[in-house]
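Asker: The following comprises the amino acid sequence and a computationally predicted model.
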Amino acid sequence: MIDDYYYVSAYADLGPFFPRYHRVFAERRYNIAIPGYGHLRYKGGTPVTFSETGDVLAGTVAGQATVRLVAGKYGFLTFKENTVLAFYAFGAVRSGVLDAAASLRPVGWKTNQPAGDAAGFVKFSAKQAIEFNETGEVTAGTLKETLKWRSTTGESVEFPADTAVRFSEAGATAE
């Protein structure tokens, strides 16, 4: 696992650098994603699955894990501790349990979202399992908010909040 990150808040106060009579009270806080040390800690006594090349494909993470969803693309997600986190052989996240609610794009977002005001983003619930395809689009997850989407039969359907939904190019179905 190469793309693990952690977030820090940096603080910069410009006060001491201004002249005596020109006092500006500026406070600046910056949130920064810093690359981790190149691997995640897995919980002892639990199975860990490896690929032929020695990369981890699945295992129970010992603490919160902030990882890049797909290598080479922007997008970090934090996954809950003591839950199974799975990866594709090329390093992209396959499945996990979100630590916090997140707005992500599901499979078929370009063609199946009747209301185009969210640019394809759907809010998924924290502490619930979520699955991704190879490009980082959600294939299955639990909705945080009500969602209007097209079903696999082509008609517009409203899925209520807290519903587990499976997405495909043809539409979505409740599980």
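Answerer: Looks like it came in fine.

Asker: In what element of secondary structure is the residue nearest in space to the middle of the chain found?
Answerer: For the chain, the residue nearest the mean C-alpha position is Leu77 (3.2 Å; CA atoms, centre = their mean). According to DSSP states H and E, Leu77 maps onto strand 76-79.

Asker: What residues sit buried inside the helix or strand immediately after that strand in the chain?
Answerer: Next along the chain after strand 76-79, taking DSSP H and E as the criterion, comes strand 84-87. By neighbour count on 16 or more other CB atoms under 10 Å, the buried set for strand 84-87 is Val84, Leu85, Phe87. C-beta: built from backbone N, CA, C; applies to glycine.

Asker: Does anything pack onto the next helix or strand after strand 84-87? Which helices or strands?
Answerer: Going down the chain from strand 84-87, the next helix or strand is strand 93-97, by DSSP H and E. When contacts are defined as 3 or more CB pairs under 8 Å, 6 or more residues apart in numbering; DSSP states H and E, strand 93-97 packs onto strand 76-79, strand 84-87, strand 129-132.

Asker: Give the rounded mean pLDDT of the second one.
Answerer: This points to strand 84-87. Average pLDDT, strand 84-87: 95.

Asker: Okay, now the sheet partners of it, with direction.
Answerer: Applying DSSP bridges to the sheet, strand 84-87 is found paired with strand 56-60 (antiparallel), strand 93-97 (antiparallel).

Asker: hey, which of those is tucked in deepest?
Answerer: Highest mean neighbour count of the strands paired with strand 84-87: strand 93-97, a mean of 19 (counted as mean count of other CB atoms under 10 Å).

Asker: Would you mind listing the outside residues contacting the next helix or strand after it?
Answerer: Note on strand 93-97: by DSSP H and E, the next helix or strand toward the C-terminus is strand 102-104. Strand 102-104 is contacted by residues Leu77, Ala118, Phe121, Val122, Lys123, Phe124, Ala126, Ile130, Glu137, Val138, Gly141 when judged by CB atoms under 8 Å, 6 or more residues apart in numbering.
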